[in-house]
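Q: Here's my sequence, what's the structure:
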Amino acid sequence: MLSVFPNILFLAPFSAFLIRVALALIFVFAASKHWYRAGIISKTFASVELAAAISIGAGALAQAGALAGAIIVIYWLARPAIRPVSFIAILLSLVLSVSLLLTGAGPFAFDFPL
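A: As a prediction, the model looks like this:
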């Protein structure tokens with residue numbers, strides 16, 4: 001395979017780290033938006049989003065967190081009233097979650113490959 005910049009291919013393993021950070025930030029933002037809404041259901045949902053963000057961001061059980069994140073994002077798609085971000089950002093979050101689910105946590109993670 002030809003590459004335009006072959007000298008930076010050594011950075012390829014760090015792509016999973018960047019995906020983890022981006023997805024964790026989206027879930028932290030969503031949790032902050034849901035936390036300030038009235039109702040116990042909204043606060044519970046914010047707690048689940050925050051737990052997924054911590055799991056994904058730290059890389060501890062990142063694939064389980066990515067699976068939970070994908071379920072959360074599908075719930076955002078099913079219930080438009082609780083969407084914390086735009087539709088395009090939700091689709092991007094779904095792609096990021098599935099990518100982490102399939103590829104693993106990458107470097108700088110507390111996961112151990114099995």
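Q: most residues in a single helix of this protein, which one?
A: Among the elements of the chain assigned as helix by DSSP state H, the one spanning the most residues is helix 15-35.
Q: Give the next helix or strand downstream of that helix.
A: Next along the chain after helix 15-35, taking DSSP states H and E as the criterion, comes helix 40-58.
Q: Let's test this: mean pLDDT of that following helix, rounded?
A: Helix 40-58 shows a mean pLDDT of 94.
Q: Could you find the closest non-adjacent residue to the residue sitting nearest the centre point of the chain?
A: Centroid-nearest residue in the chain: Leu23, 3.1 Å away (criterion: C-alpha atoms, centre = their mean). Ranked by C-beta to C-beta, 6 or more residues apart in numbering and with sequence neighbours excluded, the top spatial neighbour of Leu23 is Leu96, at 4.5 Å. Quick note: C-beta positions are derived from backbone N, CA and C, even for glycine.
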